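Engineer: This is a predicted model, with the sequence first.
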Amino acid sequence: MKKIALLMTTFAFAMAGLYAKPSFAKSSEDDYSPAMWKIEHKGKTSYLFGSIHVGDKSMYPLPKKVMDAFSASNTLAVEADVTKVNQMEMAQTIQKLALDLENPLPTVLSEKTKKQYDVYCETETATCNMVKVFEPWMAAMTIEVMGVMKAGYSDKLGIDQFFLTGANNKEIVELESIQGQLELLDSMPKELQDFMMLGAISKDSEDFEELMKAWKTGALDEFMQEAEKDVKDLGISEEVANQFNDIFLYQRNQVMADGIADLIKQGKSVFAVVGAAHYAGENSVNQYLEEKGFKIERL
């Protein structure tokens, strides 16, 4: 269920509220080359950079070409500015959207997911006690946070946080918003929330390691193809998987591409940092930008 892990962490850590300036340690990877693209438009250069929303010290410093591109840009575009989250307002929103005291979590899960959930709770009792009053999407987010932290990764060292912290005098533009992301999750059909839960409780530490390796090497398409196979192996119907992709990827990719295109057309040099999955495969941000007439070059 690696694809779900890749998509969910942006929402999960936006709600965690644990942000700080990262410390640095040199990466030991010889092939350290996260995915990045260049767009030339009317004498201005913009960049697309694939983010991972959690990380560890081995990710820093980032490759020189990435930092040079960031330095040369005057506008930072992100999914959402997580440094501006009002924690009190966020708590009130989550309480309004995510709690379901009348229908405990185990009672709303499908038979298949409930069976896997019971296995998960045998070793994660404290977490299960915490999420039992949450709607499935929020329970999945919480379990995701716990799993990532247990695997040794932190939102404090995530790529989004790094660039937002280092933006200095750059213009920061949100392509989405935290509020919009939460409302998207809350509006999801129950079968998709169940799908998210199954993904959250089916991963192990190796999934996070594979995710990190794919990000560091820029092997996004290969990773997504592998993830599609994982979904099929779990017996998830193609209809549910496609619906999930449409809501979590394709519709959002179109919105992000529109936002990036508008900024470039305004004559701005943009450094766009969004989750790496949004740049992978068909119906990606890249594809939608190319359909708008922009020429994109992988660096």
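Structural biologist: Perfect, I can see it now.

Engineer: can you map out the strands along this protein?
Structural biologist: Taking DSSP state E to define them, one finds strands in the chain at 36-41, 44-51, 75-78, 171-174, 270-275, 296-298.

Engineer: need the ones you listed in JSON lines with mean neighbour count, can you?
Structural biologist: (Glycine included, C-beta is placed from N, CA and C.) What follows is those, written out as JSON lines (neighbours: other CB atoms under 10 Å):
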{"stretch": "strand 36-41", "mean neighbour count": "18"}
{"stretch": "strand 44-51", "mean neighbour count": "22"}
{"stretch": "strand 75-78", "mean neighbour count": "23"}
{"stretch": "strand 171-174", "mean neighbour count": "15"}
{"stretch": "strand 270-275", "mean neighbour count": "26"}
{"stretch": "strand 296-298", "mean neighbour count": "12"}
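
Engineer: Could you check how far M224 is from V231?
Structural biologist: Taking CB to CB, to the nearest Å as the criterion, M224 is separated from V231 by 11 Å.

Engineer: what's the answer for Q287, then?
Structural biologist: 21 Å.

Engineer: More neighbours: these two, which one.
Structural biologist: Between Q287 and V231, counted using other CB atoms under 10 Å, V231 has the larger neighbour count: 22 against 17.

Engineer: from what I can see that one touches A241, true?
Structural biologist: Yes - between V231 and A241 there is a contact at 5.2 Å, judged by CB atoms under 8 Å.

Engineer: can you list the weak-confidence ranges in the stretch 101-250 of the chain?
Structural biologist: Low-confidence segments of the stretch 101-250 of the chain, defined by pLDDT under 70, are located at 204-205, 234.

Engineer: residue ranges for the helices of the stretch 101-250 of the chain, please.
Structural biologist: In the stretch 101-250 of the chain, the segments counted as helices under DSSP state H, counting those that start in this stretch are 105-108, 111-123, 125-131, 136-150, 159-165, 178-186, 190-202, 205-217, 220-233, 238-245.

Engineer: Perfect, that will be all.
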